[in-house]
Every structure is written in C-alpha cells, then in structure tokens.
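> Build me a structure from this.
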Amino acid sequence: MSDCIFCRIATGEIPSRKIYEDDHVLAFHDIHPVAPVHFLVIPKLHIPSMAELLPEHVEVMGRVMTTAGRLAHETGCTDGFRTIVNTGRVGRQEVYHLHVHVLGGPEVLPAMLKR
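Below is the predicted model:
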C-alpha cells in the first residue's frame, strides 16, 4: 500500500535504522524510543492490525515473533523484555500496519497499566 508508512519503509522508499531484514520481516529502531532498547518488527506483507490476522498469516507472524525474541536477546535484553502490539483505536494503534514493539534495557520497565 503506497500510503502506508511501514510498507514504504519495508520497500526502502523511506529510510530506517534497520536491525534485521529477510524476505518476510523487517526490524528497525523506533524513531521515538521509550526505553533503552526499542525497536519494531513488522511483516513486509501489509496486514492492518492484529484484529485482521487470518489463518494464512500464521507463518509470517511466527517469523515476526521469533525474530522479535532473537533480536531482543541480541540487543542485550538477556534478563527480559516487553512486546507490545497495539490494535485499533482503543488499543492506541497509530500506524495501521501490524507491528510489534520490543522494549527493554538494563532496568526494570515500568508497569504497563496503572492499577
């Protein structure tokens, strides 16, 4: 999709600070990091959100998740990390191309939600 910023990043039309790329997924640093380690893993295939995943997306989403875990470890998150997938308006999704945020660093991350 030509108007999707993540599709344009995946094709190289818009530059990014890539961490990893293969035929199916791309990982790159978030432009507004909220933790010492903060990167995104996206499928190159345009899938608007997690709510729109179909059975035929099982393989690519498996690649997304295994890539996220491997890269988290490789970027120093050996004691743990957080993955976040914002979905839809209520989930505060800003870019409607499915993406997994990976956050971590040397310190314990703050609570996800206030109780």
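> alpha carbons only for contacts and neighbour counts from here, please
Will do.
> Can you name every helix or strand that the longest helix belonging to the chain contacts?
In the chain, taking DSSP state H as the definition, the longest helix is helix 58-74. Counting contacts by 3 or more CA pairs under 8 Å, 6 or more residues apart in numbering; DSSP states H and E, helix 58-74 is packed against strand 25-29, strand 37-43, strand 100-104.
> For residue 93, give its distance to residue 33.
16 Å (CA to CA, to the nearest Å).
> Looking at the two, which is more packed in?
residue 93 (16 against 12; other CA atoms under 10 Å).
> Next, the contact list for the more buried one, please.
By CA atoms under 8 Å, 6 or more residues apart in numbering, the contact list for residue 93 reads 86-87.
> In terms of helices and strands, where is it?
Residue 93 belongs to no helix or strand when assigned by DSSP states H and E.
> Now do it against residue 84, distance only.
Counting by CA to CA, the gap from residue 93 to residue 84 is 10 Å.
> ok, now residue 107?
For residue 107, the distance to residue 84 - CA to CA - is 18 Å.
> rewinding a little: would you put the C-alpha positions of the longest helix of the chain in PDB?
What follows is helix 58-74, C-alpha atoms only, in PDB (Å, rounded to 0.1, in the frame of the first residue of the first chain):
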ATOM      1  CA  VAL A  58       0.400 -18.000  10.700                       C
ATOM      2  CA  GLU A  59       3.800 -18.500   9.100                       C
ATOM      3  CA  VAL A  60       4.700 -14.800   8.800                       C
ATOM      4  CA  MET A  61       3.500 -14.000  12.300                       C
ATOM      5  CA  GLY A  62       5.600 -16.900  13.600                       C
ATOM      6  CA  ARG A  63       8.600 -15.300  11.900                       C
ATOM      7  CA  VAL A  64       7.700 -11.900  13.400                       C
ATOM      8  CA  MET A  65       7.600 -13.300  16.900                       C
ATOM      9  CA  THR A  66      10.600 -15.500  16.700                       C
ATOM     10  CA  THR A  67      12.600 -12.600  15.200                       C
ATOM     11  CA  ALA A  68      11.400 -10.300  18.000                       C
ATOM     12  CA  GLY A  69      12.700 -12.700  20.700                       C
ATOM     13  CA  ARG A  70      16.000 -13.400  19.000                       C
ATOM     14  CA  LEU A  71      16.700  -9.700  18.300                       C
ATOM     15  CA  ALA A  72      15.800  -8.700  21.900                       C
ATOM     16  CA  HIS A  73      18.400 -11.100  23.200                       C
ATOM     17  CA  GLU A  74      21.000 -10.000  20.600                       C
END
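> Cheers, nothing more for now.
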